[in-house]
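**Student:** Fold the following and give me the result.
(2 chains)
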Amino acid sequence: DGGITQSPKYLFRKEGQNVTLSCEQNLNHDAMYWYRQDPGQGLRLIYYSQIVNDFQKGDIAEGYSVSREKKESFPLTVTSAQKNPTAFYLCASTSPGKRRNIQYFGAGTRLSVL
Amino acid sequence: SQQGEEDPQALSIQEGENATMNCSYKTSINNLQWYRQNSGRGLVHLILIRSNEREKHSGRLRVTLDTSKKSSSLLITASRAADTASYFCATAPNDYKLSFGAGTTVTVRA
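**Tutor:** Predicted coordinates for the structure are as follows:
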């Protein structure tokens, strides 16, 4: 099955700890995105990458870091500098060509602070 | 930054009724999209309407776009329990980024 896989589904972070959320896609998509969703709110863009080894900050990049070493993978690290990390995190990707604006989403990772 | 704003925030309807929700946005767009999110899940793309289109249909979905008023509406006809979800509009100022609204939560009662 083609799609986007996010893991883990639930994640708990201790004070001062960095945690990494995984996002893998087998859709051969070039662009990948990370969003944060807080209860009752829309999605806010954290980082995005249009191509391997390149990524750009979104609207709320502070306290987060990413890497894009492989086309299939776009992991997100929530660092200790992110003081309010509790949220639902969504990864998405888009295909090239005419449908490049349509985003395909993973099932999400729910991060909580212990 | 969130450009789109959906209205109403929540909507409760009887099965078989129609559901209408609206989206307003602030700046010019290439296209506008609607997505659905079931509780605790990722978003699923429903429909895309380009800035030069006024209306588009997909199954029981009908989307309109009025660029002069910077607004769009999503109509779900003959609603079913499975339509219970949150619906988000997303505007595309360029080819690579989307800006999502806060969503409309739709509950379809049996």
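
**Student:** Which parts of chain A are helices?
**Tutor:** Ranges of helices in chain A, per DSSP state H: none exist.

**Student:** Based on its surroundings, how many neighbours for whichever residue of it sits closest to chain B?
**Tutor:** The nearest approach of chain A to chain B comes at residue A:105, 3.4 Å away (C-beta to the nearest C-beta). (Each C-beta comes from the backbone N, C-alpha and C, glycine too.) Taking other C-beta atoms under 10 Å in any protein chain shown as the neighbour definition, residue A:105 ends up with a count of 22.

**Student:** do the one 3 residues further on as well
**Tutor:** The local packing count at residue A:108 equals 22, with neighbours defined by other C-beta under 10 Å.

**Student:** How about residue B:63?
**Tutor:** For residue B:63, using other C-beta under 10 Å, the count is 23.

**Student:** where does chain A come near chain B, residue by residue?
**Tutor:** Remark: the part of chain A in contact with chain B comprises A:4, A:6, A:31, A:35, A:40-45, A:48, A:50, A:58-59, A:88, A:90, A:92, A:94, A:100-108, A:110, using C-beta under 8 Å from any C-beta of the partner chain.

**Student:** show me where pLDDT drops low in chain A?
**Tutor:** Counting by pLDDT under 70, chain A contains low-confidence residues at A:1-2, A:98-100.

**Student:** can you pull out the strands in it?
**Tutor:** A:4-7, A:10-13, A:19-25, A:31-37, A:43-51, A:54-57, A:64-66, A:76-78, A:87-94, A:104-105, A:109-113 (DSSP state E).

**Student:** Now do the buried residues in the third one.
**Tutor:** Using 16 or more other C-beta atoms under 10 Å in any protein chain shown as the burial criterion, the residues of strand A:19-25 that qualify are A:19, A:21, A:22, A:23, A:24, A:25.

**Student:** how far does that strand sit from the chain's center?
**Tutor:** Taking C-alpha atoms, centre = their mean, to the nearest Å, one finds the center of strand A:19-25 at 7 Å from the center of the full chain.

**Student:** then that strand to CSV, C-alphas only?
**Tutor:** Taking only C-alpha atoms (Å, rounded to 0.1, in the frame of the first residue of the first chain), the coordinates of strand A:19-25 have been written out as CSV:
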residue,chain,number,x,y,z
VAL,A,19,12.1,13.6,20.9
THR,A,20,11.9,12.7,17.2
LEU,A,21,8.8,12.0,15.2
SER,A,22,9.1,9.8,12.2
CYS,A,23,7.5,10.4,8.8
GLU,A,24,8.1,8.0,5.9
GLN,A,25,6.4,8.0,2.5
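
**Student:** and that strand with strand A:31-37, angle?
**Tutor:** Interaxial angle, strand A:19-25 versus strand A:31-37 (axes from the mean of the first three to the mean of the last three C-alpha atoms, to 10 degrees): 130 degrees.

**Student:** and what of the last one?
**Tutor:** In terms of direction (the same axes, to 10 degrees), strand A:109-113 departs from strand A:31-37 by 40 degrees.

**Student:** again with the longest one
**Tutor:** Relative orientation of strand A:43-51 versus strand A:31-37 (the same axes, to 10 degrees): 160 degrees.

**Student:** Can you name every helix or strand that strand A:43-51 contacts?
**Tutor:** Counting contacts by 3 or more C-beta pairs under 8 Å, 6 or more residues apart in numbering or on different chains; DSSP states H and E, strand A:43-51 is packed against strand A:31-37, strand A:54-57, strand A:64-66.

**Student:** Report the strands that pair with the shortest one, each with its relative direction.
**Tutor:** So the one you mean is strand A:64-66. Paired with strand A:64-66 in the same sheet, following DSSP bridges, are strand A:76-78 (antiparallel).
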